[in-house]
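[1] got a sequence here, can you build the structure:
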Amino acid sequence: MELTTLPHTDIEVSKICLGTMTWGNQNTEAEGHEQMNYALDQGVNFFDTAELYSIPASAERHSNTEKIIGSWFQKNQNRDKVILASKIAGKADMTKFIRTTGFQKDALISAVEGSLERLQTDYIDLYQLHWPERKTNFFGQRGYVYDASDFWEDNIHQVLETLRDLVQEGKIRHVGLSNETPWGTMRFLEESKVHAGLPRMITVQNSYNLLNREYEIGMAEISHRENIGLLAYSPLAFGVLSGKYLGERLPDNSRLKLFPNYKRYSGKTAVAATQNYYKLAQDYDLSLTQMALAFVNSRPFITSNIIGATNMHQLEENIASIDISLTDEILNKIETIHNEIPNPAP
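    Alright, predicted model coming up:
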C-alpha cells in the first residue's frame, strides 16, 4: 500500500481510505467488520466516517456507521492501528433530527462527544465540517447562485476557536473541511494564519472523479500553494464508473436501484462520457473501475482516495487499484475524452 502524509503533520495514511457510509443500511455490522479486517490487512490504515452515516440520512439510521466502527475497535482492541476521520453534519433540513444549531460551540462539542462515545475511542485523528453552513454550491450544484435570503454571518473565527479547544482537550488531533468551495477554504486558512493558535485546516473532502473534475478549477491550485490535501470522495461516481449501469442496466441491490433519486451522475452527457471511458479501459485490458480509481490515485493534489463497497469483491478490486499505473498514453486519451465532454456531472 502506498502511504502519504496528512499535510502539516507527521501522520502517515494509506493512499486508499476506507469509506464507510453504507454500513448500517446497505451493509450489516458483520459486513462492516469484515471490510475493516480486510482493508487493514491490505495496509489501509485510514478510515472515514461521519455522524450522519449511514446514508441516505434518516433519524432511524444516523450514526449507525460510527457504532459499527466502535464495536470493531472494542472487539479487536486495535484503535492504534487506524487513522480515523469523522465529520459533524452541517445545518440542513435533512439533518434536523440531529440538531439545528449548525457549527455553534455547543453543537460542535456535542457532536464530537457523541462521535467519541459511539466510536468507543478517546480521540478522532481528523475532524471535518461535513458541508458549509452558508448557502453555496455543493452537493451537485454546479455554480454559485446569489441568494438574498442567505443571512449567514461569518462565524469562522468562533468555529476555529471551538475546534482549538477540542484539540487542546485531546478529543481531536487535526481539522479539515468537506464539500467546501475555494472561497470557504481560503477563508478558513486565512483566519488561522492571522490569528495565532487557531487550528489550520489540513484537508478538504470533496467529490472528484472522471465525471466531475471541478476540483481542478480553483481548488487544485489551493491544494498546491497552501498544502491542503484532497480526500476524494465518490471516485466511482456512485458506482457509475464501474460500468454496471451501462446499457440502462439497474442491478438488484445497487445504489441507484435502492435510491433512484441519486441521479447526480446519470444524465445523458454523463452516460455518454462513461461509455467513452469504458471503451478506453477495454482497449487497454483494464476494468473501468481500475482505470477510474487509478486516475484519481495519480493526481498530485490527492492525499487519499476514499473508496467504498457493499460487497467484498468490490472492496478487493477497489483497494487493488493502488497497484495500477496508467501510462501517459492512457492519461492523454482520458484528457481527450474530458475535453470533449468536460465535467458532465456537477
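[2] can you give me phi and psi for the closest residue to residue 147 other than its chain neighbours?
    Of all residues not flanking residue 147 in the chain, residue 135 sits nearest, at 4.9 Å (Cβ to Cβ, 6 or more residues apart in numbering). C-beta: built from backbone N, CA, C; applies to glycine. Note on residue 135: backbone dihedrals following degrees, to the nearest 10 are phi -80, psi 120.
[3] go on, residue 78?
    phi -130, psi 30.
[4] which residue packs closest to it, ignoring adjacent ones?
    Distances taken as Cβ to Cβ, 6+ apart place residue 40 nearest to residue 78, at 7.5 Å, with adjacent residues excluded.
[5] now do residue 66
    residue 118 (4.0 Å).
[6] all helices of the stretch 1-150 of the chain, in order?
    Remark: helices assigned in the stretch 1-150 of the chain by DSSP state H, counting those that start in this stretch are 29-41, 64-76, 105-119.
[7] dump the longest one to PDB, restricted to CA.
    Only the C-alpha atoms of helix 105-119 are listed here, as PDB (Å, rounded to 0.1, in the frame of the first residue of the first chain):
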ATOM      1  CA  LYS A 105     -20.000  25.900  20.100                       C
ATOM      2  CA  ASP A 106     -22.500  23.700  21.800                       C
ATOM      3  CA  ALA A 107     -23.200  21.800  18.600                       C
ATOM      4  CA  LEU A 108     -19.500  21.100  17.900                       C
ATOM      5  CA  ILE A 109     -18.900  19.900  21.400                       C
ATOM      6  CA  SER A 110     -22.000  17.700  21.500                       C
ATOM      7  CA  ALA A 111     -21.200  16.300  18.000                       C
ATOM      8  CA  VAL A 112     -17.600  15.400  19.000                       C
ATOM      9  CA  GLU A 113     -18.600  13.900  22.300                       C
ATOM     10  CA  GLY A 114     -21.300  11.800  20.700                       C
ATOM     11  CA  SER A 115     -19.000  10.500  18.000                       C
ATOM     12  CA  LEU A 116     -16.300   9.600  20.600                       C
ATOM     13  CA  GLU A 117     -18.900   7.600  22.600                       C
ATOM     14  CA  ARG A 118     -20.200   5.700  19.500                       C
ATOM     15  CA  LEU A 119     -16.700   5.100  18.100                       C
END
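[8] could you report the neighbour count for residue 95?
    Close neighbours of residue 95, defined as other Cβ atoms under 10 Å, add up to 20.
[9] need the pLDDT of the residue nearest to residue 78.
    For residue 40, the model assigns a pLDDT of 98.
[10] who's residue 4 bridged to?
    Residue 4 has these beta-bridge partners by DSSP bridges: residue 13.
[11] roughly how far apart are the residue nearest to residue 66 and residue 186?
    Going from residue 118 to residue 186 by Cβ to Cβ, to the nearest Å gives 33 Å.
[12] who's more crowded, the two?
    Taking neighbours as other Cβ under 10 Å, residue 118 and residue 186 compare with residue 118 leading, 20 against 17.
[13] following the helix or strand bottoming out on mean pLDDT in the chain, which helix or strand shows up next?
    The weakest-scoring helix or strand in the chain, judged by mean pLDDT, DSSP states H and E, is helix 255-258 (a mean of 65). Where DSSP states H and E defines the elements, the next helix or strand beyond helix 255-258 is helix 268-283.
[14] which residues touch that following helix?
    Residues outside helix 268-283 that contact it (Cβ atoms under 8 Å, 6 or more residues apart in numbering): 210-211, 237, 240-241, 243, 245-246, 265, 287-288, 290-292, 330, 333-334, 337, 340-341, 344-345.
[15] can you give me the mean pLDDT across it?
    Averaged over helix 268-283, pLDDT sits at 96.
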